[in-house]
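Undergrad: Sequence first, then the predicted structure, then my questions.
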Amino acid sequence: MQHDEMIGKVQALAQLPDRGSAEQATRAVLETLAERLPSGLADHTAAQLPPPLATAMRQVTGSFTDGHSDTSAERFDLTVFAGRIASRAATDEEQALREAAAVLEVLDAALTPELTEKVAGALPADIRELLPAGRTVDGD
């Protein structure tokens, strides 16, 4: 999926007023997601995104040069997830959750199904609830 298509879909799903807001929301969610995922998984996710969005994830994991990072996943719940997105996107936590759900839905369509399953499996149940309906992880 191309960058403009992704941003347009996020704008529509989150009902954002303009593309700039959608870009800001998308970057905020991807950066926060990258903090929550193990670095290798965040790098694989970034590799399937358009370059500007991949950069948003990689700046968090620090894997610009050699594709390798020593950072591991931070463990935090939905409340912290929403708070970090809200801070980055300059919005409130309720809007941040709507934006996160929109970005995760677009991400679900942009990634290979196998990678989407790995991302879902790396998230706690409360954050996983933001994924598109029907997205489950084995054992749930």
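TA: Everything's here; your move.
Undergrad: Can you tell me what sits against stretch 88-103?
TA: Stretch 88-103 is contacted by residues 9-10, 13-16, 24-32, 78-79, 81-83, 85-86, 130 when judged by CB atoms under 8 Å, 6 or more residues apart in numbering. Where you see a C-beta, it was placed from the backbone N, CA and C, and this is true even at glycine.
Undergrad: meant to ask about stretch 19-29, not that
TA: Here stretch 19-29 has contacts from 6-8, 10-11, 14, 16, 53, 56, 84-85, 88-91, 96, 99-100, 102-104, 106, using CB under 8 Å, 6+ apart.
Undergrad: Any buried residues in it, and which?
TA: Ser21, Ala22, Glu23, Gln24, Ala25, Thr26, Arg27, Ala28, Val29 (16 or more other CB atoms under 10 Å).
Undergrad: Next: stretch 102-116.
TA: Residues Ala102, Val103, Leu104, Glu105, Val106, Leu107, Asp108, Ala110, Leu111, Leu115, Thr116 are the ones in stretch 102-116 that count as buried (16+ other CB under 10 Å).
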